[in-house]
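S.K.: with the input below, show me the fold.
(one chain, ligands or ions: 2)
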Amino acid sequence: MTKMEPISLPLPAFAGGTKAMTLNPVVGTPHREYAEMFIPGEEKIEDGEIRVTVLGSGNPWPTRAQASASILVEIGNPEQDIFLFDLGTGSITNYASLKLPVNALNKVFITHLHADHTGDMLTLSGSFSKVGRADGPVYVWGPSGSEPRLGTKHFCEAIEEALAWNNAADKGAINPDSMRIVVSEFDYSKTQVVYDANGVKVTSFPVVHCISGAVGYRLDFAGLSFGFSGDTRPSWPLVRACEDVDLLIHECFPPAKVLAASSGLSIERANIAINAAHTSPKGAGKVFGLVKPRMAGLWHTLISPQIIPMIFEELKNEYGGPVVQTQDLTVFNITKESVVARQAKQFDQLPPIPGKMRVPYTPVVEEPPEWWAESLINLE
Ligand SMILES: [Zn+2]
Ligand SMILES: [Zn+2]
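M.R.: Numbers count the residues shown, from 1 in each chain. Ligands and ions are numbered 1, 2, ... in the order given. Model prediction:
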């Protein structure tokens, strides 16, 4: 019998680590040298490349180390398209760290309507319109539910309605079109192409999570592909839709005992969370073995230096390929030659970068309410 070697992974970024948490950060033979850390603003996306950045790797309780669910995908096409897959609380804070244009951030694909996947929708619609997302609406794609009230259309209309005061208050100062949300709701139960433009194709497929109306996505561009589970139990439609993708990011929860001990959930609740809604490390390994991605990413995982080696230990009995435990600001460069995983340097305080404006708008000053005249303190 060989002696068990303990798994030695890089530290999490919040504990001082600077590398992606993996034993295999590079798959294939890169055609260029990659700096050890990804420095935002210093590496332009290449023609024909897909760059995937985890904006939110975490849980329904966002922490300073882990924002809630969100993945950013940048495309090396002439349009330099940017896509968001989910937009959980805190993930927009991580976008602000990447030196990318705000105006380009207008396409969101929602996997399901849990609040930890949608919390920053208010900020994107209501606040980013003030700081550069100026040309027009936010476009949202998302699944139907088993009834209209449980679908993406209802959710987005309700957000627009909830922003009535916000949007009335900003009227005149910014393009009113930028305060709109335009929704494309599709049938959650079918595997189908839901977006096809500028060389980018996005396919949705149903997944098994809590109730009907959760999906995952596959994105294809220039012969490269990215698969994303959203929240799910191990499920066949995902395996069928994501076969042989270059990068598969799949959710993974720690074993129930560990989840209970580290999250404050009772063991009963932790068991229900994992068995009824999520994927264990063993389950993730099984899915990776069936999909056979070039690189696999674990995601939506409670990260601690104690938990992650346990997950890798359990996973390796099922799957021997390259796996990254994603954290906030883990970056994947996907090219024909290689898939490379790194951590991005974090910038805590940057001004927003509006980016290229295509729709000119001249602000107008609205009449103030009459009662202000008597209530304002005169500073002259
Ligand atoms: Zn969920
Ligand atoms: Zn979730």
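S.K.: contacting residues for the nearest residue to Ser144 once chain neighbours are set aside?
M.R.: Spatial nearest neighbour of Ser144, chain neighbours left out: Gly151 (4.3 Å); criterion: Cβ to Cβ, 6 or more residues apart in numbering. Every residue, glycine included, has its C-beta placed from N, CA and C. Applying Cβ atoms under 8 Å, 6 or more residues apart in numbering to Gly151 gives the contacts 142-145, 185, 213.
S.K.: neighbours of Ser263, how many?
M.R.: Residues lying near Ser263 (other Cβ atoms under 10 Å) number 17.
S.K.: could you shift the numbering so residue one becomes 606, and keep it that way?
M.R.: Fine by me, first position is 606 from now on; the one you just mentioned is Ser868.
S.K.: residue numbers of the stretch 806-955 of the chain in contact with ligand 2?
M.R.: Asp836 (Cβ under 5 Å from the ion).
S.K.: for Pro781, see how far away the residue in the stretch 806-955 of the chain that ligand 2 sits nearest to is.
M.R.: Nearest residue of the stretch 806-955 of the chain to ligand 2 (Cβ to the ion) works out as Asp836 at 4.3 Å. According to Cβ to Cβ, to the nearest Å, Asp836 stands 35 Å off from Pro781.
S.K.: which residues of the chain fall in helices?
M.R.: 696-700, 726-727, 757-767, 769-774, 841-847, 861-868, 872-877, 886-896, 912-921, 977-980 (DSSP state H).
S.K.: would you mind pulling the contact partners of stretch 959-978?
M.R.: 705-709, 736-737, 739-741, 776-780, 782.
S.K.: of those residues, which is the most crowded?
M.R.: Asn708 (23 neighbours).
S.K.: ok, now which ones touch it?
M.R.: Residues near Asn708 by Cβ under 8 Å, 6+ apart: 737-740, 959-962.
S.K.: picking that back up, TSV for the contacts of Gly756, including distance to Thr808?
M.R.: Putting those into TSV (distance: Cβ to Cβ, whole Å) gives the following:
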residue	distance to Thr808
Gly747	14
Pro748	13
Ser749	16
Gly750	20
Glu790	16
Gly818	17
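S.K.: ok, the residues you listed vs Thr658, which is closest?
M.R.: Gly747 (20.9 Å; Cβ to Cβ).
S.K.: quick one: contacts for the residue lying closest to that closest one once chain neighbours are set aside?
M.R.: Spatial nearest neighbour of Gly747, excluding adjacent residues (Cβ to Cβ, 6+ apart): Thr757 at 2.9 Å. Residues counted as contacts of Thr757 (Cβ under 8 Å, 6+ apart) are 715, 718, 745-749, 788, 790.
S.K.: cool, thanks, signing off.
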